[in-house]
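Participant: how would this look folded up:
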Amino acid sequence: MWKVIWPELVGREGDEAKSVIEKENPVVTVMIVDEDLIVPHDLCCNRVWVWVNKSGHVIRPPRVG
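Facilitator: Numbers count the residues shown, from 1 in each chain. Coordinates of the predicted model:
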């Protein structure tokens, strides 16, 4: 079973988080998004949003959905 949530990545650089997620779950598409960006609210079993602040650090636990 693939990993679906990464709370340990909060505070790390967005690009670093993306690499970790892609390594631990190669079937998902990882998107780094700015905290102010509006994204679709649909659930998607092969997508992970990595929310980052203005400094590029992850601000909430990335998860599949």
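Participant: from here on, contacts and neighbour counts on C-alpha atoms
Facilitator: Noted.
Participant: And the helices in this protein, which stretches?
Facilitator: 14-24 (DSSP state H).
Participant: Just give me the residue right at the centre of it.
Facilitator: Closest residue to the average C-alpha location of the chain: Val50 at 2.7 Å, with CA atoms, centre = their mean.
Participant: Tell me which residues touch that one, please.
Facilitator: 14, 17-18, 30-33, 58, 60-62 (CA atoms under 8 Å, 6 or more residues apart in numbering).
Participant: Now render those as JSON lines, adding distance to Val39 and neighbour count.
Facilitator: Output for these, formatted as JSON lines (distance: CA to CA, whole Å; neighbours: other CA atoms under 10 Å):
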{"residue": "Gly14", "distance to Val39": "17", "neighbour count": "24"}
{"residue": "Ala17", "distance to Val39": "19", "neighbour count": "22"}
{"residue": "Lys18", "distance to Val39": "18", "neighbour count": "21"}
{"residue": "Val30", "distance to Val39": "13", "neighbour count": "22"}
{"residue": "Met31", "distance to Val39": "11", "neighbour count": "15"}
{"residue": "Ile32", "distance to Val39": "11", "neighbour count": "17"}
{"residue": "Val33", "distance to Val39": "9", "neighbour count": "17"}
{"residue": "Val58", "distance to Val39": "16", "neighbour count": "28"}
{"residue": "Arg60", "distance to Val39": "15", "neighbour count": "18"}
{"residue": "Pro61", "distance to Val39": "16", "neighbour count": "15"}
{"residue": "Pro62", "distance to Val39": "14", "neighbour count": "25"}
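Participant: In strands, which of these appear?
Facilitator: 30-33 (DSSP state E).
Participant: Run through the residues that contact Val39.
Facilitator: By CA under 8 Å, 6+ apart, Val39 has no neighbours at all.
Participant: low-scoring pLDDT stretches of the protein, where are they?
Facilitator: Judged against pLDDT under 70, the chain has no low-scoring part.
Participant: So what sits opposite Val52 in the bridge?
Facilitator: Asp34, Val58 (DSSP bridges).
Participant: Just the CA trace of stretch 23-36, in CSV.
Facilitator: Extracted in CSV, the C-alpha atoms of stretch 23-36 (Å, rounded to 0.1, in the frame of the first residue of the first chain):
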residue,chain,number,x,y,z
LYS,A,23,9.5,8.6,-4.1
GLU,A,24,7.1,7.2,-1.5
ASN,A,25,4.0,7.1,-3.8
PRO,A,26,5.0,7.0,-7.4
VAL,A,27,1.4,6.7,-8.6
VAL,A,28,0.4,10.3,-7.6
THR,A,29,0.8,13.6,-9.4
VAL,A,30,2.2,16.2,-7.0
MET,A,31,1.4,19.8,-7.4
ILE,A,32,3.1,22.6,-5.5
VAL,A,33,0.6,25.4,-4.9
ASP,A,34,0.8,28.8,-3.2
GLU,A,35,-1.3,29.2,-0.1
ASP,A,36,-3.4,31.9,-1.8
